Each structure stands twice: as C-alpha cells, then as structure tokens.
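In: got a structure for you, letters missing:
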C-alpha cells in the first residue's frame, strides 16, 4: 500500500513508492502545527503590527449625499486583472453599488496590491481589509476541514463531486468552522476555480511514474504535499508572486495549478512546456467578509450583499468553466503538449493513494465524522454522472470482484 503519512503515523506496507523525504515531513508537520493551533486567530487581535499597518492604508470613506461617511468594502485578491475571478468580483462590486445607491462603496484590489492570500486571513480577522476570497488550499492552515477537498478521494474525480460537498450540508459545516476560527462571515456559496493539474518545465510527464523525483510547486495544503510525495515528487510551497524567479532559476521542475491561472500568469514565458492533466483536486474560492466590518452594517445592507453575491455565483461558476476551457486551448496554441490520463488510470491511482487516506485525515486534522459525510456525498454525486452499470462502492472504490491493478502500466493520451 502507498503510505501517504510521515513517520508520525505507523506506516503501512509500501507499494514500492519511496517514503516521504525528510523535508516534506518537516513541511507537513509545520503546517499541521499551524492547523492544530487555529486559535491563533482569536489571539491575533493583541498582535497588531505597526509595520503592516503602514504598508496597507485603511479605507477612506467617502461622504453620503447627506454628509455622513459611506462604508468602503475593499476586496483583496492576489489574482491579476485578466483572471476570471477578478472580473467576477468587479461585476459583483458594480451590482452592489447599484443596489445600494451610494450607501456602500466597493473597491476590488487585485494582484496582491493589498495582501497576498497567505496573509489575508489575519488581515480579515483584524479588520484590516473587509473582504477576500482565499482558496481552500490557503484556508486549511486555519481551518483544517478545508483540506478535505485535497484528499485522495477527490483525485481525478469530476467537478460535481467537490461542488456537491461545498454546496451541501458538509459545506455548511465547514462554513460555520471558518466563521468561528477566523471571526469572519461567509457571504454565500463558493466560487470555483477549476481542476488543478501539473505544468512542467522542459519535461514531458506522460505517465504517473514520470513524476518521481520532480520538484513541484504547490500553493499550500499538506494533503497536496503528501499526495505528490506519495507519487515520488518533491513538493515545495512557493508563493505565486515568487514563482517566476523560482522557474527562471531552475529550482522547480513544475507546478500544480489550473489552466486559467497558467494563462493569466503566462507561464510559457518561464519555460513551462508540458501539461499532465490529472485533475489532482478541484480548487474553489470562499467569499469571506471581516466580522468587524459585517457587524457595523445595517441589516438591509447585509441582505443586499448576500443577494448580490447569490445573483452572481452561478454565472461566475459558468464563466470559470468557460475560462478553463478557453485557457486550455490557449495553452495548446502556445505550443504546450498535453498528456491526459484515461479515467480508468485515474481511478486506479485514486485507489492506490486512498490506501492510506484514513491516516492522512488524522494527520492533516480533518474531522473524521465530516470526512465520512464528505466521502458519501462525493460518491453519490459522482455516481449521478457516471456510466450506467459501473460497479463501484461508496467513496469511489471498485466493487468486490472488480479487477484493480495499481501497478499496471497507465494508459495516457498525448494531445499535441
């Protein structure tokens, strides 16, 4: 079996995969300690940093027609202006200002001009910014249950499996824990980003075995690191804005990202030439509003914000899917070569990675009860869209008697 967990958990027999390197163990343990120490958010109010205050100016409210101050809702994101998420946020901002007719001003600050996503959680907690949309891979550090979407149960799974969890009862449980740990309000349903894949620099990965030994950048999430390490890779957490330097300097062989993000970042300029489209996990953004700001708003303004957000979610999700499809074609037009593992291959690797999943759940801090609910919800959603007669059990495992050969040579289609 493949052991995804460092020596903290008793190892199962190995499937001839290498043990996690010491550096990955250290990284995973550090992230785990941060997750266990989630109450940092409650204590952060006493640690106001003068330097950070000087870097990010407070919002300057305008005046209402009657002379009173107009609250300013600043939305922080580290994506660039061409990214679909930023475009969706600008449409939301315009709608809010139209609905509230001068009672609230909304500003979208892209390109990490206010905060990087890794820093925005504390800024929200302290009321230094009013709104942000960090990804689930960022939120995991403070809310371990957000890491459930990066577990092997979702590896290679369709988007419907993750969205069913996010939109259903498990998602509401996660929302409540985000609100409790970070002193924020979850504004509504989450935006999708899309499936994460591998993007390689001057190196073709045509089958999973080719991943062994590669230095792969991840945005965060110990489950991502453990999964890559179980495949033999060397995961490294690198901030997005530091990525060009790392790629140019030859310190990375590739990264885990999405088609849209690869295009918006023009990764081909930094040597990225191949894509291994393995649908590692489905990335989503969570809309968070600072509790300090939220509680100062009148009830009707809160209702207008929620209504405006809900009015844009379905359209933003559809545009995200379109953006990912268009980005895929853009990458192909730029000359990137695609290797696309067959669904059967992805299912085999999902099962191989899931052999140690229960230990990973404990290691990364996901609530075991929530995990069981998530597993059942994801399985039901996947079955709703699966081929008739496919023999599987809850969690995506093949039914008894269905042949599974994790060591079989994967079949991969190469798309020029």
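Out: Done, it's in. Please read these numbers as outputs of a predicted model, since none were measured by experiment. Residues are numbered from 1 along each chain as shown.
In: residue 308 sits in which helix or strand?
Out: Using DSSP states H and E, residue 308 falls within helix 299-333.
In: which strands and helices lie in contact with the next helix or strand along the chain from that helix?
Out: Per DSSP H and E, the first helix or strand lying C-terminal to helix 299-333 is strand 337-341. Packing partners of strand 337-341 (3 or more CB pairs under 8 Å, 6 or more residues apart in numbering; DSSP states H and E): strand 272-276, helix 299-333, strand 412-415. Backbone N, C-alpha and C define where each C-beta goes, glycine included.
In: circling back: give me the angle between the helix holding residue 308 and strand 337-341.
Out: Counting by axes from the mean of the first three to the mean of the last three CA atoms, to 10 degrees, helix 299-333 lies at 110 degrees to strand 337-341.
In: packing partners for helix 299-333?
Out: Packed next to helix 299-333, using 3+ CB pairs under 8 Å, 6+ apart, are helix 84-100, strand 191-195, helix 259-264, strand 337-341.
In: mind checking which of the helices and strands packed on strand 337-341 is nearest residue 84?
Out: Using CB to CB as the measure, helix 299-333 is the one of those that comes nearest residue 84, at 4.1 Å.
In: now do the same contact list for the closest residue to residue 251 other than its chain neighbours.
Out: Counting by CB to CB, 6 or more residues apart in numbering, residue 215 is the residue found nearest to residue 251 once chain neighbours are left out, at 6.9 Å. By CB atoms under 8 Å, 6 or more residues apart in numbering, the contact set of residue 215 is 233-234, 236, 251-254.
In: among the residues you listed, who's most crowded?
Out: residue 254 (27 neighbours; other CB atoms under 10 Å).
In: test my guess that that residue contacts residue 210.
Out: No: look at residue 254 against residue 210 with CB atoms under 8 Å: they stay out of range, at 10.8 Å.
In: mind listing the strands for the stretch 51-200 of the chain?
Out: Here the stretch 51-200 of the chain has its strands, by DSSP state E, counting those that start in this stretch, at 62-63, 69-70, 72-76, 105-109, 131-132, 184-186, 191-195, 197-201.
In: just the ones you listed: most buried one?
Out: Of all the strands of the stretch 51-200 of the chain, strand 131-132 has the most neighbours on average by mean count of other CB atoms under 10 Å, namely a mean of 28.
In: which helices and strands sit right next to that strand?
Out: strand 72-76, helix 117-125, strand 288-290.
In: what's the per-residue pLDDT of the residue nearest to residue 163 when sequence neighbours are not counted here?
Out: The shortest distance from residue 163 to any non-neighbouring residue, by CB to CB, 6+ apart, is to residue 192 (6.9 Å). We have a pLDDT of 95 for residue 192.
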